[in-house]
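J.: take a look and give me a structure for this.
(chains A and B)
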Amino acid sequence: KNEVEQSPQNLTAQEGEFITINCSYSVGISALHWLQQHPGGGIVSLFMLSSGKKKHGRLIATINIQEKHSSLHITASHPRDSAVYICAVRPGNQFYFGTGTSLTVIP
Amino acid sequence: KAGVTQTPRYLIKTRGQQVTLSCSPISGHRSVSWYQQTPGQGLQFLFEYFSETQRNKGNFPGRFSGRQFSNSRSEMNVSTLELGDSALYLCASSSGAYNEQFFGPGTRLTVL
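T.: Got it, this is the predicted structure:
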């Protein structure tokens, strides 16, 4: 049983396209994290959110606590957005991670 | 501010050996968490330390242990290494338990 499910697993887009990555979770949480991992392993925290919507540049994250669902949107995608995007939740004392969405943006 | 640093970056060990990995958090951060990432299992939570106390622990055997020092630097130790312990080990620091985490570059451990 996976506490966190992400979709799609793989995504290929043309530069400039609008991208949506989805995350559903089955546990009660205090916050949800979106992480970005580039080839080579380094992980960057993109968002931590517990309600509503957050925006950083071309990235937008939304969360619906009642539906236990979050989305990460990338507007005007660029090849440098190519990475694995990981959703993570923290119900109490544990962290649970999605399996990641591998995004490739083609010029 | 300097980011999270991990040493060593790469490590090769043989089965049965033990290994110690080090993590230096961002200055002022008192919380350090450790994660294991493998192609098969993805990212998994190992443990979390705050002010030298282990606050949370994931579902890993007792061969995996850690500690945190008074300067917030943390080490994790894996004893009696198994082939399946080959992974990228990441640490992350934050100013508090439920705050944003900042990840280090990871230590890639290969067990032969």
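
J.: partner strands of the one helix or strand in chain B whose mean pLDDT sits lowest and their direction?
T.: Least confident helix or strand, chain B: strand B:53-57 with a mean of 91, by mean pLDDT, DSSP states H and E. Paired neighbours of strand B:53-57 in the sheet (DSSP bridges): strand B:42-50 (antiparallel).

J.: end-to-end on stretch A:97-107?
T.: End-to-end distance of stretch A:97-107 (Cα to Cα, to the nearest Å): 30 Å.

J.: swap that for stretch B:62-82, sorry
T.: First residue to last in stretch B:62-82 (Cα to Cα) measures 13 Å.

J.: for residue 60, give me its contacts.
T.: Using chain A. A:53-54, A:72-73, A:75 (Cβ atoms under 8 Å, 6 or more residues apart in numbering or on different chains). Heads up, the C-betas are built off the backbone N, CA and C, glycines and all.

J.: that's the wrong chain, I meant chain B
T.: Applying Cβ under 8 Å, 6+ apart, the residues near residue B:60 are B:36, B:44, B:46-47.

J.: with pLDDT added, can I get those residues in TSV?
T.: Formatted as TSV, the contacts of residue B:60 follow (pLDDT from 0 to 100):
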residue	pLDDT
B:36	97
B:44	94
B:46	96
B:47	92
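
J.: of the residues you listed, closest to chain A?
T.: Nearest to chain A among the contacts of residue B:60, counting by Cβ to the nearest Cβ, is residue B:44 at 7.2 Å.

J.: what's across from the closest one in the sheet?
T.: residue B:36.

J.: cool, and residue A:105?
T.: With DSSP bridges as the rule, residue A:105 is bridged to residue A:13.
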